[in-house]
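Enquirer: no letters, just coordinates:
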């Protein structure tokens with residue numbers, strides 16, 4: 001192992017070497033065999049009322065809590081997740097249902113080994129949930145943001161995590177409550193085969209992520225009006241919290257390693273600390289085992305020992321970089337998509353990252369890329385949309401270079417009610 005390069009901020013914060021080692025070992029356990037590649041796909045859905053397209057929150061009368069309890073028989077009782085006496089998660093083989101802060105219903109599918117498997121598993125989910133929602137006078141919408149309801153009018157679901165995040169994100173940035181309560185995404189996870197492979201895929205994914213976001217954009221509305229931002233959700237994440245979003249610091253330095261990623265994560269002040277699986281705190285009241293801790297980092301909060309997997313996953317889950325490293329790679333921040341477009345996005349990701357010839361071509365093309373170049377590319381797309389030239393090339397070039405194929409632009413929202421634009 002090499003000595004991680006510390007930024008000035010890192011020098012001011014204590015970093016526990018045992019914690020760094022824990023994360024690196026966790027990443028090493030994620031190394032996969034190239035012969036058994038797979039995908040994980042997550043699609044977040046926005047529940048809305050049929051009568052007026054208004055958002056449906058967890059605690060609404062006939063709201064998301066009712067939906068979760070009605071579809072509960074389709075899932076394994078052993079994979080139910082309850083918090084504060086409320087059902088907030090379901091699961092069975094190949095699929096998990098969870099809730100985002102504003103009641104968004106997230107479907108996590110995987111591991112699948114071809115994009116075509118996605119639709120079969122997903123369609124079963126829709127056959128089960130759609131009749132329940134129709135009976136309650138609501139439906140699921142796949143947009144990047146709620147079509148009508150303002151974020152301030154959406155209540156947060158009963159997870160302790162989201163109460164803490166609301167308190168933290170409400171103090172910083174510009175779009176914290178909007179991201180939490182009103183947005184929805186599609187995420188695709190892929191395997192890595194070595195530390196070098198993981199870093200190369202992180203670099204390529206970070207570089208092309210905003211370009212793919214343009215082709216798979218799907219946010220026609222924002223806060224009850226037509227969305228005028230070319231990539232609204234990308235803009236939201238760009239200014240949300242520089243401590244934990246955007247380009248991973250140091251990623252494009254040739255010396256970057258898993259240790260550097262671990263040091264960055266562990267040195268960042270935590271939004272809140274989850275100690276529910278930390279044995280040393282078993283005697284504390286429950287309210288103290290999940291608590292807000294804005295100014296202390298993980299190395300100051302967790303015991304002086306190697307972290308367990310629950311603690312590691314919690315620390316990693318409080319970072320939202322464009323490509324997130326766990327024991328797989330999570331490509332993030334694409335808008336919520338109908339399954340047909342999500343399937344095509346997954347196929348595109350598979351072609352670019354699992355076809356060795358195509359991937360090596362991308363690695364070679366982006367050789368020498370700097371963090372500043374990615375930030376500039378993201379900014380120019382967010383500012384200029386279709387006329388942007390990320391990395392100096394127009395979208396006609398990128399369409400051919402990335403073999404994008406046929407994509408469908410934003411759904412215009414004709415199926416929504418006219419009053420969606422009335423505040």
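Expert: Structure received. Note that the structure is predicted; figures quoted are calculated from it, not measured.
Enquirer: is the residue with the largest distance to the centre of the chain in a helix, a strand, or coil?
Expert: Relative to the centre of the chain, and counting by C-alpha atoms, centre = their mean, the farthest-placed residue is residue 283 at 33.4 Å. Going by DSSP: H, G, I helix; E, B strand; the rest coil, the secondary structure assigned to residue 283 is coil.
Enquirer: how near is it to residue 291?
Expert: Residue 283 sits 15 Å away from residue 291, going by C-beta to C-beta, to the nearest Å. Where you see a C-beta, it was placed from the backbone N, CA and C, and this is true even at glycine.
Enquirer: I'd like the next helix or strand past the helix or strand where residue 109 lies.
Expert: Following DSSP states H and E, one finds residue 109 within strand 105-112. Heading C-terminal from strand 105-112, the first helix or strand you meet, by DSSP H and E, is helix 115-135.
Enquirer: how far away from the center of its chain is that next one?
Expert: The chain centre lies 21 Å from the centre of helix 115-135; the measure is C-alpha atoms, centre = their mean, to the nearest Å.
Enquirer: what do you get for stretch 160-171?
Expert: 17 Å.
Enquirer: in it, which residues are buried?
Expert: By neighbour count on 16 or more other C-beta atoms under 10 Å, the buried set for stretch 160-171 is 160-166, 168-169.
Enquirer: name the helix or strand for the residue positioned nearest the centre of the chain, please.
Expert: In the chain, the residue lying closest to the centroid (C-alpha atoms, centre = their mean) is residue 332, at 4.7 Å. Assigned by DSSP H and E, residue 332 belongs to strand 329-335.
Enquirer: other SSEs contacting that strand?
Expert: In this structure, strand 329-335 packs against strand 185-190, helix 195-215, helix 232-238, strand 323-325, with contacts taken as 3 or more C-beta pairs under 8 Å, 6 or more residues apart in numbering; DSSP states H and E.
Enquirer: quickly note the distance from residue 401 to residue 212.
Expert: 12 Å.
Enquirer: one more: residue 373?
Expert: For residue 373 relative to residue 212 (C-beta to C-beta), the value is 17 Å.
Enquirer: of these two, who's got more company?
Expert: residue 212 (22 against 17; other C-beta atoms under 10 Å).
Enquirer: my read is that the more buried one contacts residue 332, right?
Expert: No. Counting by C-beta atoms under 8 Å, residue 212 does not reach residue 332; the two are 11.3 Å apart.
Enquirer: secondary structure class for the nearest residue to residue 301 once chain neighbours are set aside?
Expert: Excluding the flanking residues, the one nearest residue 301 by C-beta to C-beta, 6 or more residues apart in numbering is residue 273, at 4.8 Å. State at residue 273, reduced to three classes by three-state DSSP: strand.
Enquirer: number of nearby residues for residue 273?
Expert: Look at residue 273: counted by other C-beta under 10 Å, it has 25 neighbours.
Enquirer: report the beta-bridge partners for it.
Expert: In this structure, residue 273 bridges to residue 291 when assessed by DSSP bridges.
Enquirer: and for residue 99?
Expert: Counting by DSSP bridges, residue 99 forms beta bridges with residue 105.
Enquirer: contacting residues for it?
Expert: Residues near residue 99 by C-beta atoms under 8 Å, 6 or more residues apart in numbering: 58, 64, 68, 88-89, 105-106, 157, 159.
Enquirer: out of these, which is nearest to residue 246?
Expert: Distances from residue 246 to the contacts of residue 99, taken as C-beta to C-beta, are shortest for residue 106 (22.0 Å).
Enquirer: that closest one against residue 41, yeah?
Expert: No. Using C-beta under 8 Å as the test, residue 106 is too far from residue 41 to be in contact (10.8 Å).
Enquirer: out of the two, which sits in the busier spot?
Expert: Neighbours were tallied for residue 106 and for residue 41 using other C-beta under 10 Å; the higher tally belongs to residue 41 (26 against 18).
Enquirer: show me what the nearest residue in space to that one that is not next to it in sequence is bridged to.
Expert: Residue nearest to residue 41 in three dimensions, not counting chain neighbours: residue 109, with 4.9 Å by C-beta to C-beta, 6+ apart. Note on residue 109: beta-bridge partners by DSSP bridges are residue 41, residue 95.
Enquirer: so what's residue 109 up against?
Expert: 40-43, 94-95, 118, 121-122.
Enquirer: pull the most distant pair out of the residues you listed.
Expert: 43 and 94 (14.1 Å).
Enquirer: verify the contact between residue 191 and residue 37 for me.
Expert: Yes. Judged on C-beta under 8 Å, residue 191 makes contact with residue 37 at a distance of 5.3 Å.
Enquirer: of those two, give the one with the bigger neighbour count.
Expert: Neighbour count, other C-beta under 10 Å: between residue 191 and residue 37, residue 191 has more, with 23 against 17.
Enquirer: do you know how far the more buried one is from residue 213?
Expert: From residue 191 to residue 213 the distance is 22 Å (C-beta to C-beta).
Enquirer: over to residue 134?
Expert: Distance, residue 134 to residue 213, using C-beta to C-beta: 32 Å.
Enquirer: of the two, which one has the most company?
Expert: When residue 134 and residue 213 are compared on other C-beta under 10 Å, the one with more neighbours turns out to be residue 213, at 23 against 11.
Enquirer: what's the pLDDT at the more buried one?
Expert: In this model, residue 213 is scored at 96, pLDDT.
Enquirer: count of residues packed around residue 336?
Expert: 27.
Enquirer: now it: how far from residue 201?
Expert: 23 Å.
Enquirer: which SS state does the residue nearest to residue 86 when sequence neighbours are not counted fall under?
Expert: In this structure, residue 86 finds its nearest non-sequential neighbour in residue 158, 4.5 Å apart by C-beta to C-beta, 6+ apart. Recorded secondary structure, residue 158: coil (three-state DSSP).
Enquirer: got it, and residue 367?
Expert: Look at residue 367: counting by three-state DSSP, its state is coil.
Enquirer: residues in contact with it?
Expert: Per C-beta under 8 Å, 6+ apart, neighbours of residue 367: none.
Enquirer: pLDDT score assigned to it?
Expert: pLDDT at residue 367 comes out at 97.
Enquirer: was I right about the residue nearest to residue 86 contacting residue 58?
Expert: Yes. Using C-beta under 8 Å, residue 158 makes contact with residue 58 at a distance of 6.7 Å.
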